[in-house]
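Undergrad: Attaching a predicted model along with its sequence, questions to come.
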Amino acid sequence: MSSSKSNKIVKLESSDNKTFEVEEAVAVQSETLKNMVDDGCANDTIPLPNVNGKILEMVLGWCKKHVDETVTGDELNKYEADFLDLDQADLYGLLMAANFLNVKGLLDRVLQRVADMIKGKKPEEIRRIFNIKNDFTPEEEEEIRLENAWAFD
Amino acid sequence: MSRRVRRKVARKGKVLPSYPEVEDEVLVLERKENVDWTNLPDDTVIQLFSCLNYRDRASLSSTCRTWRVLGMSSCLWNSLDLRAHKCDVSMAASLASRCGNLQKLRFRGAESADAVIHLQARNLCEISGDYCRKITDATLSVIVARHEALESLQLGPDFCERISSDAIKAIAFCCSKLKRLRLSGIRDVHGDAINALAKHCPNLTDIGFIDCLNVDEMALGNVVSVRFLSVSGTSNMKWGVVSDFWHKLPKLTGLDVSRTDIGPAAVSRLLSSSDSLKVFCALNCPVLEKYTSFHVNKNKGKLLLALFTDIFKEIASLLVDTTNKAKNVFLDWRNVKNKDKNLDEIMNWVEWILSHTLLRIAESTQQGLDDFWLKQGAALLLSLMESSQEEVQERAATGLATFVVVDDEHANIDWGRADAVMRDGGIRLLLDLAKSWREGLQAEAAKAIANLSVNNNVAKAVAEEGGINILAGLARSMNRLVAEEAAGGLWNLSVGEEHKGAIAKAGGVKALVDLIFKWANGGDGVLERAAGALANLAADDKCSTEVAVAGGVHALVMLARNCKFEGVQEQAARALANLAAHGDSNSNNAAVGQEAGALEALVQLTRSPHEGVRQEAAGALWNLSFDDRNREAIAAAGGVEALVALAQSCSNASPGLQERAAGALWGLSVSEANSVAIGREGGVAPLIALARSEAEDVHETAAGALWNLAFNPGNALHIVEEGGVPALVDLCKTSVSKMARFMAALALAYMFDGRMDEFALIGTSSESVSKSVSLDGARRMALKHIEAFVLTFSDPQAFAAAAASSAPASLSHVTEGARIQEAGHLRCSGAEIGRFVAMLRNPSSILKACAAFALLQFTIPGGRHAVHHASLMQNAGAARVLRAAAAAATAPLEAKIFARIVLRNLERHHMEPSL
């Protein structure tokens, strides 16, 4: 296990009432949880009504990997690459959770992954990928075209 | 810039299934249940925007109202880099509504400079422009007049040739908040302009008059606010005046006199007499360096950065904690928790001037700097690549791309320098830079990777670090410079056999083909690189199929037809040649021929004034002529005339061109009609000349062409008349290539098996006597050498054993000794096989043996066309003739044994008809 000095356990409860017990060193990878721990709110189970069990497990898995000093740099790179091989719903959930829990590294990686899905795509393609409704009026469409022409030139 | 190319005319290889289309990950994701991405928190979306370049940001903003609004968030519009974008007045005006809080602007070129004011970015603090040669005093004056909040103005590194002291005065009058002014390449910086700066800009702490012609040194001594001053590369400095006045500048902390003619006296005086001076940078100052004994007196902790000092160590002394390794000094400083503003200013300035000067030194390709680059230059560039200043990162990457190239002409790179880059983890750093969303960094990093990858070891490291995926991604960039450098990287990487598959897997093939369509009408650089990379990839069987699937045939033919740049033509023709080089293993050969205008274009390119273009076009036609339909279509497109003309004109050309010119004629001459046409056009003489070449590769193709031509008695006579017999005899006797010797022997056999004599007799009767006399001499000479040739493949012991027993093993032994590996690739027509079968009955025992020897080569089981030949022989009733030859009492032993082997070969083919 981790050689972290503090082996205090933090209890977390997901939106679907699953409980997780993790070492404090793992939990504080999340800025949000760290603040709670620092404020002494971590003695009882911390409810996380925004995060379901599946996603929470993933986030905690990520955090564990990143405090584990026995993991080499190469292993971590491989882990991170595999980790993000997800379907869109999980990616979205993970992004929301990483944002809410404020896990910096994870948030950056998920954002980068989403950015990679956008790169080089036309607006219609982006709408299709993310299932976004085009809510512009034709006049607005024209405005936007002029607004953005500089970037496409 | 640098690249390395390689041609491969592979005619072997198995048919393998092509890769499955790389499945679009996005589509996989799409099938899942819907989530509403527009519900993401605003700050997360803004963060997402900040991971994207401007094009992608614009696309994302164009999807829906929510995201349009978020895309206008002022934090995304703090700084703007317009360098990759065409920015004219109307574009700038369309941006104005978003530029209210713009702090930092980078632009490129005079047109953009004129447009800057239309951004109406009144709060702009920093302006930095490059490609400034045409920017005028008027433009600059208007810019500074409209941006009174300006704190930093930088124009360079190109010389601002049209900017004078008047504009500098305007800067002084308008921008009272100015802190930093760096200008490059100004002719004269007059005293009154400098004095105006001193008077009106009390906060001016950082001045650079770089690569200027004349700067008023004395006036610079009046700018009491200055802390950092660079006159690097500026000529005509009066160092006496400098040392008299500058040491009095009360705040002067950093002074950069790199690339000037400063001498030791001035350096010593400044170092000893200035109280405030901390960093003195004098890189590449020849006068100073001549004084090898010059050593820095212990000047109260003042640093001297020069080619002969330990720069890392000097800089490390600035940091309080000097326990760490000096080489990590930049990293240590960046990681310091408690920021020291004063130190940060010094370090940022040092980074900037170092990156500038190192790039200038790299560009100058001076001799004698190996030691510097290996010991510290490379490591410095790598450290600077991690700078937090984007410009510094860019320049460091450009520096890396530049300093490894030692020979621009031949794109050679210095292995020692490349190794130094690798050793210090440079590949990883470059790839990280290339992953940035900033296109300037992407382009420079890709360029450095491309140049370094000329070296195999670097290419390997790049591939191992995941560079192929990154480059393939950048090749899809909408930014031409980025795509161009990435294509260059793929070009160099694709030289390695082991990287081709990886490039295809990363979607590189499709990306490269798309590049050609995207910039079909512009940019020879990007087109040449894309075509060059595709050419290398097409040499691989699997990848060549991918190239075709991705629409590469159409793209490359389009280039061959329409592009006017020779470099592009050359690579396009080479790519088509390699695409067509896979023979029966895929259908690309036929596909190229069917592309409208392809063959005509290639025929046309054989007339190019550029030798490389001619060579690759001939190579392409050679490979294409393996397909029967293409062969006739090439002839119909005027290929015979063009290629004969090419063969006639290439006596002094490179062996590569000679080989392909003869090769293309060889390919065309497979049909007798073409053969006759080649003879008629005067192709015989140049082919004989090529047969006399020194180069082995040329021997093969010239001998092959002459062999095909000799099938026709008219041509055969022509060959004799043009002095071809001694040339062929020479080849047959001395060529290093077994194939050339073999085909020369076969050509001679055709010429003297009797058909030519009949033809010659029908000719003019008055000359017939003398002709037959000369023919007799030539015939004797030819037969003698054919015999000698066949005997070199006849091991007497093996023959004796085979004669004594009919055991298969002894025959196999003879076959092994006689086999010419490459002859298995030759494909004969029914007429040719028939002719050899007939030759088995020729009165000349030498020709009998030669015919049996040839048939043996053509029917060895496992040979590419052996089954085809066996069935042709069956049709010609060869078995009977062979049995007769094998049993004939009068025939020479070789003929009998070879005939027996051929019989056995035929039997084996009949037993295994599927083979």
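TA: Thanks, I have the structure now. Here the structure is a predicted model, which is why all the values come from computation and not from measurement. Numbering: from 1, shown residues only, chains lettered A, B, ... in the order given.
Undergrad: Can you name the residue of the stretch 551-700 of chain B nearest to chain A?
TA: Closest approach of the stretch 551-700 of chain B to chain A (C-beta to the nearest C-beta) occurs at B:Gly551, with a separation of 17.9 Å. For the C-beta atoms, the positions are set from N, CA and C on the backbone; glycine is no exception.
Undergrad: what about the closest residue to that residue other than its chain neighbours, neighbour count?
TA: Ranked by C-beta to C-beta, 6 or more residues apart in numbering or on different chains and with sequence neighbours excluded, the top spatial neighbour of B:Gly551 is B:Val513, at 5.4 Å. Here the count is done by other C-beta atoms under 10 Å in any protein chain shown, and B:Val513 has 24 residues near it.
Undergrad: For the helix or strand of chain A with the lowest mean pLDDT, name the packing helices and strands.
TA: Ranked by mean pLDDT, DSSP states H and E, the helix or strand of chain A with the weakest confidence is helix A:73-83, at a mean of 86. Packed against helix A:73-83 by the contact rule (3 or more C-beta pairs under 8 Å, 6 or more residues apart in numbering or on different chains; DSSP states H and E) you find helix A:53-67.
Undergrad: which parts of the helix it packs on are buried?
TA: A:Gly53, A:Ile55, A:Leu56, A:Met58, A:Val59, A:Leu60, A:Trp62, A:Cys63, A:Lys64, A:Lys65, A:His66, A:Val67 (16 or more other C-beta atoms under 10 Å in any protein chain shown).
Undergrad: Name the residues that touch that helix?
TA: A:2, A:4, A:12, A:14-18, A:20, A:22-23, A:25-27, A:29-30, A:48, A:51, A:71, A:76, A:79, A:83, A:90, A:93-94, A:96-98, A:101, A:103, A:105-106 (C-beta atoms under 8 Å, 6 or more residues apart in numbering or on different chains).
Undergrad: before we move on, back to that, isn't the residue nearest to B:Gly551 up against B:Ala555?
TA: Yes. Counting by C-beta atoms under 8 Å, B:Val513 touches B:Ala555, with 5.1 Å between them.
Undergrad: Could you report the separation of the closest residue to B:Leu82 other than its chain neighbours from B:Gly191?
TA: With C-beta to C-beta, 6+ apart as the criterion, B:Leu82 has its nearest non-adjacent residue at 4.7 Å, and that residue is B:Phe107. From B:Phe107 over to B:Gly191 the distance is 30 Å, taken as C-beta to C-beta, to the nearest Å.
Undergrad: And for B:Ala434?
TA: 46 Å.
Undergrad: Compare the two and say which one has the larger neighbour count.
TA: Neighbour comparison, B:Ala434 and B:Gly191: the larger count goes to B:Ala434, with 26 against 16 (by other C-beta under 10 Å).
Undergrad: Verify the stated contact: the more buried one with B:Leu474.
TA: Yes. Between B:Ala434 and B:Leu474 there is a contact under C-beta under 8 Å: 6.3 Å.
Undergrad: what touches both of those two?
TA: B:Gln442, B:Ala446.
Undergrad: Helix, strand, or coil at the residue nearest to B:Gly551?
TA: helix (DSSP: H, G, I helix; E, B strand; the rest coil).
Undergrad: ok now do it, which residues does it touch?
TA: By C-beta under 8 Å, 6+ apart, the neighbours of B:Val513 are B:Ala530, B:Leu534, B:Val547, B:Ala550, B:Gly551, B:Gly552, B:Ala555.
Undergrad: helix, strand or coil for B:Ile127?
TA: B:Ile127 - assigned by three-state DSSP - is strand.
Undergrad: Please report how far it lies from chain A.
TA: 18 Å (C-beta to the nearest C-beta, to the nearest Å).
Undergrad: Report the beta-bridge partners for that residue.
TA: Bridge pairing for B:Ile127 (DSSP bridges) gives the partners B:Leu105, B:Leu153.
Undergrad: For it, give its distance to B:Phe626.
TA: From B:Ile127 to B:Phe626 the distance is 61 Å (C-beta to C-beta).
Undergrad: now B:Asp524
TA: For B:Asp524, the distance to B:Phe626 - C-beta to C-beta - is 31 Å.
Undergrad: The two: who's more crowded?
TA: B:Phe626 (19 against 16).
Undergrad: check contacts around B:Gly567.
TA: Contacts of B:Gly567 (C-beta under 8 Å, 6+ apart): B:Asp524, B:Glu528.
Undergrad: pLDDT below threshold where in chain A?
TA: A:1-6 (pLDDT under 70).
Undergrad: which stretches of it form strands?
TA: A:9-13, A:19-23, A:46-47 (DSSP state E).
Undergrad: Strand partners (parallel or antiparallel) of the second one?
TA: In the sheet, strand A:19-23 lines up against strand A:9-13 (antiparallel) (DSSP bridges).
Undergrad: Sort out which residues of the strand it pairs with are buried, please.
TA: Result for strand A:9-13 [16+ other C-beta under 10 Å]: buried residues A:Val10, A:Leu12, A:Glu13.
Undergrad: for stretch B:169-178, same thing?
TA: B:Lys169, B:Ala170, B:Ile171, B:Ala172, B:Phe173, B:Cys174, B:Cys175, B:Lys177, B:Leu178.
Undergrad: Give me the neighbour count for the residue of the stretch 551-700 of chain B closest to chain A.
TA: 16.
Undergrad: One more: A:Pro123?
TA: 21.
Undergrad: which residues touch it?
TA: A:Pro123 is in contact with B:Ser59, B:Leu60, B:Ser62, B:Thr63, counting by C-beta under 8 Å, 6+ apart.
Undergrad: how about the strands in the stretch 401-550 of chain B?
TA: Here the stretch 401-550 of chain B has its strands, by DSSP state E, counting those that start in this stretch, at B:405-407, B:412-413.
Undergrad: So which of these is the most surrounded?
TA: strand B:412-413 (a mean of 18; mean count of other C-beta atoms under 10 Å in any protein chain shown).
Undergrad: Quick one: distance of that one to the chain centre.
TA: Using C-alpha atoms, centre = their mean, to the nearest Å, the mean C-alpha position of strand B:412-413 is found 12 Å from that of the whole chain.
Undergrad: can you give me phi and psi for B:Leu369?
TA: phi -100, psi 10 (degrees, to the nearest 10).
Undergrad: wait, isn't it in contact with B:Gln376?
TA: No. Using C-beta under 8 Å, B:Leu369 is not in contact with B:Gln376, being 10.9 Å away.
Undergrad: Those two: which is more packed in?
TA: Using other C-beta under 10 Å, the more surrounded residue of B:Leu369 and B:Gln376 is B:Gln376, with 19 against 16.
Undergrad: which residues of the stretch 201-350 of chain B fall in strands?
TA: So, for the stretch 201-350 of chain B - with DSSP E, counting those that start in this stretch - the strands run B:206-210, B:214-215, B:228-230, B:254-256, B:279-281, B:303-305.
Undergrad: So what's the gap between the fourth one and the chain middle?
TA: Relative to the centre of its chain, strand B:254-256 is centred 40 Å away, using C-alpha atoms, centre = their mean.
Undergrad: Which residues does that strand contact?
TA: B:208, B:227-232, B:246, B:270, B:277-282, B:346, B:349-350, B:353, B:357.
Undergrad: again, only this time at 6 Å
TA: For strand B:254-256, contacts defined as C-beta atoms under 6 Å, 6 or more residues apart in numbering or on different chains pick out B:Phe228, B:Leu229, B:Ser230, B:Ser232, B:Val279, B:Phe280, B:Cys281, B:Trp349, B:Ile353.
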